[in-house]
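Participant: okay, here's the prediction I keep looking at, along with the sequence it came from:
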Amino acid sequence: MQYWHFSETAYPYLPPEETINSVRVTLPNGVIDPARAADLWDRYLAEWQVADECGLNVMINEHHATATCMDPAAPVIAGILGRITKDARILILGNPVANRKDPVRVAEEMALVDLLSHGRLEVGFVRGVPYEVSAVNSKPVMMSERMWEAIELIQKAWTTHDGPFSWEGRFFQQRHVNIWPRPLQQPAPPVWVTAMTPGSAARIADDNYVIASFLTGYEGTRKVFEAYRDRVAETGRPTPADDRFAYAALTYTGDTDEEGLEGARKLMWYVKANKVPFEFVQPPGYTPYFARAAGLRGERSAYDFKSLTLEDLIEEGIVFAGSPSTVRGQIEKFYEKVGGFGHLLLMGQAGFLEHDETVRGIRTFAEHVRPRLDDIFTAHPVAV
């Protein structure tokens with residue numbers, strides 16, 4: 001099992017919720033104190049360094065026009081991490097290529113980060129959340145199709161070394177592709193793609209990419225991973241190893257259950273503060289008709305956590321929290337229920353969880369949870 005410390009680098013110092021209609025897209029950036037934001041970036045970078053020192057990997061992502069994430073340019077932060085960490089793999093999850101106008105530029109950025117980190121980069125791709133269609137002046141329709149064409153173009157840019165080629169696709173046209181530099185990892189850096197529903201899994205499986213699911217709990221994650229495994233079986237390939245599967249959960253480990261739960265309550269800012277008007281949540285064409293119909297019937301979406309308590313979130317496998325033994329048990333239970341997985345993305349900082357608390361959670365997990373989990377998963381791999 002590989003473990004990745006993740007922070008979405010939020011700016012949590014916001015006006016009272018009742019005075020604003022959204023924390024995304026329309027919240028004026030006059031709310032931000034730049035000096036305070038700079039201090040936050042100092043601590044977030046330091047926390048990734050702590051994770052590296054503890055033997056964990058590091059993960060970053062990218063969002064736009066939102067207080068929930070102050071990183072609008074993941075390649076910049078990845079390049080910094082490539083120089084200030086020593087051993088950690090660096091995962092961007094991910095590049096929102098359906099919202100990027102030039103996939104070749106993404107290929108160049110990732111190649112450069114791979115060189116700066118001496119081959120420690122893992123390149124993740126995401127379709128992009130619906131809230132940011134307006135923020136980046138994109139189109140909400142056919143985003144999956146654009147994402148996959150962009151990934152194909154990026155892969156070809158990484159792996160073509162005999163001079164320029166042209167690309168005449170449905171969404172992207174490039175007359176002269178010849179990236180400099182090229183990645184250190186050959187033929188290309190490892191690729192991850194996110195999936196929140198089983199319908200997204202087949203294409204990821206076809207390319208043997210790592211599939212990553214975020215906060216989807218026991219049942220949702222099991223279905224996504226099962227769809228990946230089923231697709232591999234349909235195509236006659238060997239059963240995929242655990243390292244093809246990744247799951248992200250809010251995670252806080254304390255010395256005691258009480259300390260762990262208190263840290264997790266602070267992490268819940270991430271799921272409770274995400275106030276977004278309906279027009280940004282459901283831009284026409286983004287969500288398939290059957291998913292919109294489910295919403296109209298009152299069924300809870302994968303992102304609708306505001307009505308759930310911390311106990312509910314732990315029960316569903318969305319949060320891992322407590323003492324080291326409790327957290328170990330929760331993760332072991334999750335591993336068994338979803339058929340095994342090889343990457344745990346630990347969202348161990350959010351909201352008002354302070355620097356010393358974040359560092360304590362990272363160190364406690366690394367020292368008292370990881371070694372025992374490694375023993376368990378090595379000795380008793382799950383049968384699928």
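Facilitator: In hand now; what should we look at? Numbers count the residues shown, from 1 in each chain.
Participant: which residues are contacting the host helix or strand of Arg328?
Facilitator: Following DSSP states H and E, the helix or strand that holds Arg328 is helix 324-338. Outside helix 324-338, the residues within contact range by CB atoms under 8 Å, 6 or more residues apart in numbering are 218, 221-222, 225, 245, 247, 249, 251, 253, 255, 257, 260, 314, 317, 320-322, 341, 344, 364-365, 368-369, 372-373, 376-377, 382. (Each C-beta comes from the backbone N, C-alpha and C, glycine too.)
Participant: which among those end up buried?
Facilitator: Buried by 16 or more other CB atoms under 10 Å: 218, 221-222, 225, 245, 247, 249, 251, 253, 260, 314, 317, 320-322, 341, 344, 364-365, 368-369, 373, 377, out of the contacts of helix 324-338.
Participant: now, which of those lie within strands?
Facilitator: 245, 247, 249, 251, 253, 320-322, 344 (DSSP state E).
Participant: how close does the most centrally placed residue in the chain sit to Ala241?
Facilitator: For the chain, the residue sitting closest to the mean C-alpha position, by CA atoms, centre = their mean, is Leu93 at 4.3 Å. According to CB to CB, to the nearest Å, Leu93 and Ala241 sit 19 Å apart.
Participant: do Trp48 as well
Facilitator: 27 Å.
Participant: out of these two, which sits in the busier spot?
Facilitator: Neighbour count, other CB atoms under 10 Å: between Trp48 and Ala241, Trp48 has more, with 26 against 10.
Participant: in a strand, that one, correct?
Facilitator: No. Assessed by DSSP: H, G, I helix; E, B strand; the rest coil, Trp48 does not belong to a strand; its assignment is helix.
Participant: skipping adjacent residues, who's closest to it in space?
Facilitator: Excluding the flanking residues, the one nearest Trp48 by CB to CB, 6 or more residues apart in numbering is Val58, at 4.5 Å.
Participant: backbone phi and psi for the closest residue to Tyr270 other than its chain neighbours, please?
Facilitator: Computed as CB to CB, 6+ apart, the closest residue to Tyr270 that is not its neighbour in sequence is Ala350, at 3.9 Å. When read as degrees, to the nearest 10, the backbone of Ala350 gives phi -170, psi 160.
Participant: so who does Ala350 touch?
Facilitator: Ala350 neighbours (CB under 8 Å, 6+ apart): 7-8, 10, 250, 266-270.
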